[in-house]
Every structure is written in structure tokens, then in C-alpha cells.
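Peer 1: Fold the following and give me the result.
(chains A and B)
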Amino acid sequence: MSDFTLSKSIAERFAISQLWRSHKRSNQLKQIIILLILGIGAFLMIMPFEWMLATSFSRSANIAMPRVVRFFPADPSLFNYEVAITNLPLPRLYLNSFIVTAVATVGYLFFSALTGYAFAKGRFVGKSILFLIILMTLMIPFEVRMIPLYFLIKEMGLRNNLLALILPFLAGGFGVFLMRQYISTIPDDLVDAARVDGASEFTIFWRVILPLCGPPLAALAVLSALWRWNDLIWPLLAISDRNMYTVTLGLAVAGRSQGTYTGSALANAAIAIIPITIVYLLLQRYIIKGIAMTGLKG
Amino acid sequence: MRKQLRDSLIWYTLIAPTFILFAIFVAYPTIETFRLSLYREVATKQEFVGLAHYARLLGDQIFRSALLNTALLGAAFLLIVIPLGLVLASLLNNLKYAPNFFKVVYFLPQITSSVAIALIFGYVFQPNWGLLNNGLRALGVDPLPLWLADPTYSLTGSRAAATILAVYVALGYYMLVTLAGLQAIPQELYDAAVVDGANFWQAWWYITIPNLRPTFIFLIITGSIEALSRFGDLYTLGGPGGSPARSLQTIVMYLYQTAFESNDFNLASATAVLLFLIMLAVTIFNFRTLLQREFSRRD
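Peer 2: Sure, this is the predicted structure:
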């Protein structure tokens, strides 16, 4: 290799690295601009929460509000939280919301998977027409049937009973549909092998199918939990006893009745939001994945 | 045939619980809503009145304004949140650092329930000391908007405030769904565009937007249904009457008020049936106009 070709290749390499560096620099500039825009957006998203916290910890917030935005209260105190707790039996409301959400979600997952399994792997007379009925239930929004449902629950003596918030939501068309689609992709060989071994259909479902359904079940669990926890209109009808309120119902009712008491109303909101936010931060990977998988939300 | 039925039996027992629950909590109340809408209560007895409730509804100024509010709020919401979600998703798709952090932050209001957010925003929109007007004052805006205290059709009135609230709550979701759509576009398409000498905007207009079509269709169809049944956040802001001056009353709030405050369950049932028919019509319309290309291609 002559000196000339050597120096040429060095020069080439130098030029390429120059080019690459400037490309990298413009890329870094692009990254900084994107970060800046998304950062401003994130700031705007968090602001109302921060303001809620700052105001709820401010002693004077029930009397007079400052005319400047404060990110830390000038007079920090737990006063508003004490008022909020006496306004609403919040620990009780949390328990109610938790029971309703947990029981309804477990039931929803079970019935969705069981029915989805039958429609995916079963052979029975009238299968397609029965599946059509499942799909038709998807077209009937809850608001359309809630008046007779209210009378039905009243008739059953379930007003002010948490069962009223659970029973109507144990089975749902969307869950059956999603589970059927997923279980259809599980090879028939697995089911047939278990059947040859003499397992009953329910045992196959419980021991073979269910353990393979992690992803759709997780997604459905997230959806069902969000639906139940955040529902307002049905608890508003079915529950009138304050001790049976859900967190969301208590928040809506109390929020409307303490309009001018900003500090304690925002303390109520904070008590309702903070635990959910912690759960969300712990489970965010699954929650965001679940939403992306089904494309649905709470 | 008999053996077939016998083999079917085990499957019927597996699906029976779900169908029993559907019969009690879906089929029966739905049919009953339709029946109630054709009757009226006279001294604790139900009397058939045909379509009288529907005629009453269509002539009712309050119902018509609830209908208009619902349509207006829904259209404004979708027109803002879908483009904004696209912009954020595109930015996020090109971001190398901490994309997950932004996903978590933007999605947060969706988790904490629209009731809690509406409660906070009732104060955020307070004209004198609310967070928003305090911020606008710092920026030198004068006169400050009245937001929820202004029931007129204005860009700074109650309907605008309700739209800002809805966009704030839903933005993260629209961003995530659009992002999933963006990431499903094959990279080869962009490589081919670069070879053909397309610039960034051309690639965006001729590749990104057409390939996001299914995502947009999905968001428009589900978003319109959700907008038609809007209730929780607006109830928290202004009660079932949608104050101020009914400017925030939606169809479902009208339904709720008619049934559970005026105790006119028959008229409310007719409202529910109309809501159902409107949802059906909007969905069919969306399918037909948005999916026209898909249908005609198949023919």
C-alpha cells in the first residue's frame, strides 16, 4: 500500500466521521427539541395535580385563594384533610370500591374465559347464532337499559347493596369476544391431548387453557377494574346510603355539595387520586400494554 | 342428531351462566326500555300511548339543546384530540430518551377517573383565582375568560372549558393508540420513500397519514359513541342540569334528570331509545363513510 492511498483512505475516513458527527449533532438537536415540546406538555399535564396538592395542604384555602400560582403552600397544614375525612367516610368508601372492583373483575374474567373457550373450541348446535347474540349485546350501551335495571335491582332488594354494583357486570360481550379470539389461536392438539387423557371440558379449560391466557386476561383485568372503579352513573342510581358509596360516587356527591370549600374539596380529590396513582405507577407497564392490546379504555 | 345434541350438552353448561346473566341484565332491561317508552303511568297503571313520548321529546326545547350540546362537545373534542394525539405520538415515536416516562405522564388523567379530574378542573377554571386564569394573568391576558361561568357559545365559555377538560383526560389514550398505529407501519415504506427522494413532509403525507387510516377510523367510531354517552365529568362540574344555564347538559344527563328527578320514567325510556337509535345511526354513518373505500374495493 503506497503512502498516497493510505493518506487518501485516512482523508476519506476523516470526511466520513465529520459527516457522521454533524449528522449526529443535528440528530441530537432534534432529540432536544422533541424533549422540550413533550416536556412542556408533561408539565401542563402534571400542573393540575400539583396545584391540587399545593392547595389541599394550604390552611387558608377554604377561605381565600391566592391570586398567584403557588407550587408550595405558604401556610402548610393538614387541616383540609381533617375536614375531608369528616365529610366522607373515605376508608369505608375505599373498601366498598375495592370489593366491587375485585369481585366484579374476577367474575368478569372467569365468565369471559369460560364462555370464550366454549365458542373457540366447542362444537355445539347453534354455535354461530349464539355467538351473534353475544356480539349484539355489545351494541346496547348501558345507559339504554339502566332504567329497568334500576327497578330490577330495587325489586330484588339490592338497593344500597354492593351486589347491585357487581351482578350486572359479571358477564360482558367484549370479554367473551376477546377471549374467544385469543383461545382460537391456541393449537387444538393441546386440547385433544388432554381429552384423550380423559380430562373433562372444565378441567381442560381450568388446567390447560386458562394458564395460557395471561396476556388477554391481564388486559381485561385492567379494563374491568377501570370501568368498575371509575363508574359514576350506576352507583348514583343504585346507592343512596353514604356508607355504601364508592370512592368515585362519594367524590362526585361531596364535590358538588362543598363547592366553595376549595381546600377540603381538593383534599378529597387528593385522597381519591393518590392511592390510584401509586397503583398505576407500580403496574404502568401492564396497564399501558393492556390498553394498547385491546385499544379500549376505562 | 340426538348424539350431536348430547355432545353439545357439556358446552351448553359452560356457556349457560353467561347467557343467564345476559338474559337478566341485558336482554330484559333493553326490551323493557322499549316497552316503557310506549306507555304512560296513570294512577300506578301503565297505559299504552304509542309514540306520544317521542313526539313530546322532539318538540322539547330542553331535549333539543341537550342533543345539540352532546353533538357539539363530541365534535369539538374529536377535532382537537385526534390531531393533537397524532402530533404527540409522532414526537414520541422519534424520541430516544425516556419515552416510557412521557407515556406514563400523559396517560395519568385517564387512570384517575374523569370525576376526580372534573372536580379539580371545576376549581382550575375558577375565573378569579383558578389555576388557568392565574396562569393567563401571568402571561398578561386581559380581560380574563369566564370559562364555566359563561354559558354562551364562545371559545372561552363553559363548552370550551368542558372540551379542554375532555381533551386533557383523553389525550394520553389517543396518543398511545396512535403510537401503536405508527409503530405498525413497515419501515421499508419510509426507506423506499427516501430512495425516491421524498422529503420528511412528503413521507408524512403520503405514507404516515394513509397508513394510520384504520387507527383514525377506530378512534372516530369509539370516540363518537363515548361522546354520545358523556355523563360523569359534566355531572361533577354542573350537576344533572348541566349548569350554567344547561349549557353542559348532554343526552344522558337529560335522561337521568327526567327519570330520577322528575320521575317520568316513560319519557326517560323514550330518551334512552332515541339515544340508542342515534348511536346506531352514527355508527352506521361512520362505517359507511369511513369504510366506503374498503367496501368498494371488495366489490
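Peer 1: Can you list the low-confidence ranges for chain B?
Peer 2: The model of chain B has pLDDT under 70 over residues B:1, B:293-299.
Peer 1: quick check: domain ranges of it?
Peer 2: Split into domains by automatic domain parsing, chain B comes to B:2-52, B:54-298.
Peer 1: export these to CSV and tack on distance to chain A and mean neighbour count?
Peer 2: C-beta coordinates here come from the backbone N, C-alpha and C atoms, glycine included. Converted to CSV, those look like this (distance: least, CB to the nearest CB, whole Å; neighbours: other CB atoms under 10 Å in any protein chain shown):
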stretch, distance to chain A, mean neighbour count
domain B:2-52, 4, 15
domain B:54-298, 4, 18
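Peer 1: what number of residues lie near residue A:252?
Peer 2: By other CB atoms under 10 Å in any protein chain shown, the residues close to residue A:252 number 27.
Peer 1: Columns distance to residue A:61 on top of the domains of chain B, output as CSV?
Peer 2: Shown next, in CSV, are those (distance: least, CB to CB, whole Å):
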stretch, distance to residue A:61
domain B:2-52, 43
domain B:54-298, 10
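Peer 1: closest one to residue A:71 among those?
Peer 2: Taking CB to CB, domain B:54-298 is the member of the domains of chain B nearest to residue A:71, at 10.7 Å.
Peer 1: Can you find the helix or strand of chain A with the lowest average pLDDT?
Peer 2: helix A:3-56 (a mean of 78; mean pLDDT, DSSP states H and E).
Peer 1: Would you mind identifying the next helix or strand past it?
Peer 2: helix A:79-87 (DSSP states H and E).
Peer 1: What is the burial count for residue A:145?
Peer 2: Residues lying near residue A:145 (other CB under 10 Å) number 25.
Peer 1: quick one: it from chain B, how far?
Peer 2: Distance from residue A:145 to chain B, counting by CB to the nearest CB, to the nearest Å: 4 Å.
Peer 1: which element is the closest residue to that residue other than its chain neighbours on?
Peer 2: Leaving aside its sequence neighbours, residue A:145 sits nearest to residue B:29 (CB to CB, 6 or more residues apart in numbering or on different chains; 3.6 Å). Following DSSP H and E, one finds residue B:29 within helix B:28-36.
Peer 1: Whichever helix or strand comes after that helix packs against which elements?
Peer 2: Sequence order places strand B:39-42 as the next helix or strand after helix B:28-36, per DSSP H and E. Judged by 3 or more CB pairs under 8 Å, 6 or more residues apart in numbering or on different chains; DSSP states H and E, strand B:39-42 is in contact with strand B:45-48, helix B:265-290.
Peer 1: same thing but 10 Å
Peer 2: When contacts are defined as 3 or more CB pairs under 10 Å, 6 or more residues apart in numbering or on different chains; DSSP states H and E, strand B:39-42 sits against strand B:45-48, helix B:52-59, helix B:265-290.
Peer 1: Measure how the lengthiest helix in chain B sits relative to helix B:265-290, angle-wise.
Peer 2: Counting residues, the longest helix found in chain B (DSSP state H) is helix B:61-93. Angle of helix B:61-93 versus helix B:265-290, following axes from the mean of the first three to the mean of the last three CA atoms, to 10 degrees, is 40 degrees.
Peer 1: could you say what helices and strands helix B:61-93 packs with?
Peer 2: Packing partners of helix B:61-93 (3+ CB pairs under 10 Å, 6+ apart): helix A:3-56, helix B:52-59, helix B:99-111, helix B:158-183, helix B:213-228, helix B:232-238, helix B:251-260, helix B:265-290.
Peer 1: Ok, which of these comes nearest residue A:238?
Peer 2: Among these, helix B:251-260 sits nearest to residue A:238 (CB to CB), with 11.3 Å.
Peer 1: Send me the closest one as CSV with only the CA atoms.
Peer 2: The C-alpha coordinates for helix B:251-260 follow below in CSV (Å, rounded to 0.1, in the frame of the first residue of the first chain):
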residue,chain,number,x,y,z
ILE,B,251,-78.5,13.5,26.4
VAL,B,252,-77.6,11.1,29.2
MET,B,253,-77.8,13.9,31.8
TYR,B,254,-81.3,14.8,30.4
LEU,B,255,-82.2,11.1,30.6
TYR,B,256,-81.0,11.0,34.2
GLN,B,257,-82.8,14.2,35.2
THR,B,258,-86.1,13.1,33.5
ALA,B,259,-86.1,9.7,35.2
PHE,B,260,-84.6,10.3,38.6
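Peer 1: these two touch, right, residue B:118 and residue B:164?
Peer 2: No. Under the criterion of CB atoms under 10 Å, residue B:118 is not in contact with residue B:164, lying 11.4 Å apart.
Peer 1: Show me what the helix or strand where residue B:18 lies is in contact with.
Peer 2: Using DSSP H and E, residue B:18 sits within helix B:2-22. Here helix B:2-22 makes contact (CB atoms under 10 Å, 6 or more residues apart in numbering or on different chains) with A:107, A:110-112, A:114-119, A:121-127, A:130-131, A:133-134, A:136-137, A:167-173, A:175-176, A:200-202, A:205, B:26-28.
Peer 1: From the residues you listed, list the buried ones, please.
Peer 2: Neighbour-count burial within these applies to A:107, A:110-112, A:114-119, A:121-122, A:124, A:130-131, A:134, A:137, A:167-173, A:175-176, A:201, A:205, B:26-27; the criterion is 16 or more other CB atoms under 10 Å in any protein chain shown.
Peer 1: Which ones among those residues map onto strands?
Peer 2: Among the buried ones among the contacts of helix B:2-22, DSSP state E puts none in strands.
Peer 1: Show me those that map onto helices.
Peer 2: Those of these lying in helices (DSSP H): A:107, A:110-112, A:114-119, A:121, A:130-131, A:134, A:137, A:173, A:175-176, A:201.
Peer 1: Just say helix, strand or coil for the residue most central in space within chain A.
Peer 2: Residue closest to the average C-alpha location in chain A (CA atoms, centre = their mean): residue A:226, at 3.9 Å. Three-state assignment for residue A:226 (DSSP: H, G, I helix; E, B strand; the rest coil): helix.
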